[in-house]
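Visitor: One predicted model, sequence on top.
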Amino acid sequence: NGVNVQSSSDGSSWTTVSYASVSARAADGLVVRGATMTAVSFSSAQSVGVFAALYLQNSSSITVSNFYSSSTGSGYGIHLVRVDASSITNVTSEADTYALRLSLSSTNTITNVTLTSKFSNTISLSLSNANSVLGGSAGGNSSNSRLFVSGQRNLIDQLTLTGSFAGATISGSLNTFMRSAYSYGGGGGPMPLTLSGSSNTVNRVNIDATGGSPANVTISGNGHVISFSTITASVTSPLVNVSGYGHRFEDDFIRTTAGPGVGLALTSGASGIVVARSTVAAASGGSNGLAISIVSSSETVILDSYIQGSTGVYISGSTGTTIGGSIVISTLSQSGSAIWMTGQSLHLAISSSALTASPLGYGVHIATGNEGLILLSSNIVTAGRYGLFIGSPSAAGFTLQFASATFRGFPALGTAVFLGGGTIVSTFTKFNFESSAATANINAIALASDSRVTMRESAGVRMGPGYELDPLGVVDWTECIARTSVMSGLW
């Protein structure tokens, strides 16, 4: 049998266990139950079977330091049940299942631990609140996450995860996982990172999943913040899958190294997602290397970020996408686009951004059938067969508000603005047509005769009706320059 430490008749303990070695079969090793102010140090405990080497229950203010635990069979290395305000320091725990598990326990501090498990989570904080895990490592090769956290307000800081399936699963709310790093081997195990619940924080976490498959990060629930973190993987499926609402990606680096991949995928009604000051890059490997894919989502905001892929930002069936102060680049050798909007999406705003397309691609492609307000202001569009392509509006129509756009670096036969059909009535202000190689500044051949496009305060070597394609005379240039129009329209 093992050794039991229990409270005295007056409810106090003040017991010290030091320089002890306990070994048990078919029983827990060292048991501390109903105790307070008990200290265990410079000791070890082993158990065999479905028992724990060190078992703490219904206790508080327990101190465990310089301790070694080992459990073989189906037991735990260290198990805390309803234990509060206790500390575990400089401990090594090895187990076939959980190396360290907290159940219904709170305000405990775990410092500088070395944990290894074979067949389960290495460290589990189950329905436990306000615990801190500070430093150490959690290793093993089971097909379970090395780290599992539920409950509220738990802090995991500077914990290194090791082993083939070095993943973390965090649920509950207001938990923080920070200043940690791990490599993920994959091959049928858990995901490198799974976030659910609400308002959890991942800060300065480095996840290298380039050696694993599957290697997808899954984020659901609401209000999570992922900041100053790096996530890389060699996957063709989406690297980071996002659903739920109100998540923020701030100062992050997200990259797929094998293509065609998707860096960041917003799906399943994701809403209010913010990507700020981040880099999102997807390897091309074909036409489907989407850096950011926004599908059936709403109110997505991308700010001050660097976005790179076969298509930089792909938008389908989504509402209220905003892109500002960002660099968006297509890396495809021929027909890649910086931004592609399709699927009857509603509302789009792009401002103060630099958009670069591949030689036969599009800077901004607004496909036929989209709706709402399309707002573009203070953007620079480089290269591409078409700088700005506007397809026919849907039956509900759309409103175009375009101001201050610069078109540069176009190939021969390039067109700055292509108006793809239907009836468009709009004013384009301060368009600067810098590229001398572009064949046309505006191609309005497909527009209906009741369209009217007014160009105000235009500039550049390819401004004016001399470089438009406007057989029905629906494009008007308002600059007061003494020049004869060689095309239809007003001048």
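Guide: Thanks, I have the structure now.
Visitor: Gly414 contacts Glu434, correct?
Guide: No: if you go by Cβ atoms under 8 Å, Gly414 and Glu434 don't touch, sitting 11.8 Å apart. Where C-beta positions appear, they are placed from N, C-alpha and C, glycine not excepted.
Visitor: Spatially nearest residue to Ser426 (excluding sequence neighbours)?
Guide: Nearest residue to Ser426, sequence neighbours excluded (Cβ to Cβ, 6 or more residues apart in numbering): Leu400, at 4.1 Å.
Visitor: Now the one you found: which helix or strand?
Guide: Assigned by DSSP states H and E, Leu400 belongs to strand 398-408.
Visitor: could I get that strand in CSV with only the CA atoms?
Guide: Listed next in CSV are the C-alpha coordinates belonging to strand 398-408 (Å, rounded to 0.1, in the frame of the first residue of the first chain):
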residue,chain,number,x,y,z
PHE,A,398,-23.9,48.4,-56.1
THR,A,399,-22.5,51.8,-55.4
LEU,A,400,-19.0,52.6,-56.4
GLN,A,401,-17.0,55.2,-54.5
PHE,A,402,-13.5,55.4,-56.0
ALA,A,403,-11.0,58.1,-55.1
SER,A,404,-7.2,58.5,-55.3
ALA,A,405,-5.9,55.5,-57.1
THR,A,406,-2.5,55.1,-58.8
PHE,A,407,-1.9,52.6,-61.5
ARG,A,408,1.7,51.7,-62.4
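Visitor: Neighbouring strands of that strand in the sheet, and parallel or not?
Guide: Strand 398-408 pairs in its sheet with strand 371-382 (parallel), strand 425-433 (parallel), by DSSP bridges.
Visitor: Format these as TSV; extra columns: mean pLDDT and mean neighbour count.
Guide: Formatted as TSV, the strands paired with strand 398-408 follow (pLDDT from 0 to 100; neighbours: other Cβ atoms under 10 Å):
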stretch	mean pLDDT	mean neighbour count
strand 371-382	95	20
strand 425-433	94	19
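Visitor: Could you save these as CSV and add columns showing distance to Thr230?
Guide: Formatted as CSV, the strands paired with strand 398-408 follow (distance: least, Cβ to Cβ, whole Å):
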stretch, distance to Thr230
strand 371-382, 28
strand 425-433, 37
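Visitor: quick one, which of Gly414 and Glu434 is more surrounded?
Guide: Neighbours were counted for Gly414 and for Glu434 using other Cβ atoms under 10 Å; Gly414 has more, 23 against 19.
Visitor: Next up, the contacts around that one.
Guide: Ala383, Gly384, Arg385, Tyr386, Gly387, Ser435, Ala437, Ala438, Thr439 (Cβ atoms under 8 Å, 6 or more residues apart in numbering).
Visitor: which residues in this structure form helices?
Guide: Counting by DSSP state H, the chain forms no helices at all.
Visitor: In it, where is pLDDT below threshold?
Guide: Judged by pLDDT under 70, the chain has its weakly predicted residues at 1-3, 5-13, 165, 185-190, 212-215, 259, 284-288, 395-396, 480-491.
Visitor: beta partners of the most centrally placed residue in it?
Guide: Against the mean C-alpha coordinate of the chain, by Cα atoms, centre = their mean, the closest residue is Val240 at 5.1 Å. Per DSSP bridges, the residues bridged to Val240 are Val217, Leu264.
Visitor: Which residue is the nearest non-sequential neighbour of Ser458?
Guide: Ranked by Cβ to Cβ, 6+ apart and with sequence neighbours excluded, the top spatial neighbour of Ser458 is Phe431, at 5.1 Å.
Visitor: contacting residues for that neighbour?
Guide: 402, 404-407, 416-417, 441, 455, 458-460, 463.
Visitor: how far away is it from Thr201?
Guide: 43 Å (Cβ to Cβ, to the nearest Å).
Visitor: What spatial separation is found between Tyr386 and Ser87?
Guide: 64 Å.
Visitor: what about those two, which has more around it?
Guide: Taking neighbours as other Cβ under 10 Å, Tyr386 and Ser87 compare with Tyr386 leading, 26 against 15.
Visitor: I'd assumed Phe418 was in contact with the more buried one.
Guide: Yes: the criterion here is Cβ under 8 Å, and Tyr386 meets it with Phe418 at 4.8 Å.
Visitor: Stretch 237-249 spans what distance, first to last residue?
Guide: 20 Å (Cα to Cα, to the nearest Å).
Visitor: so how far is it from its chain's centroid?
Guide: 5 Å (Cα atoms, centre = their mean, to the nearest Å).
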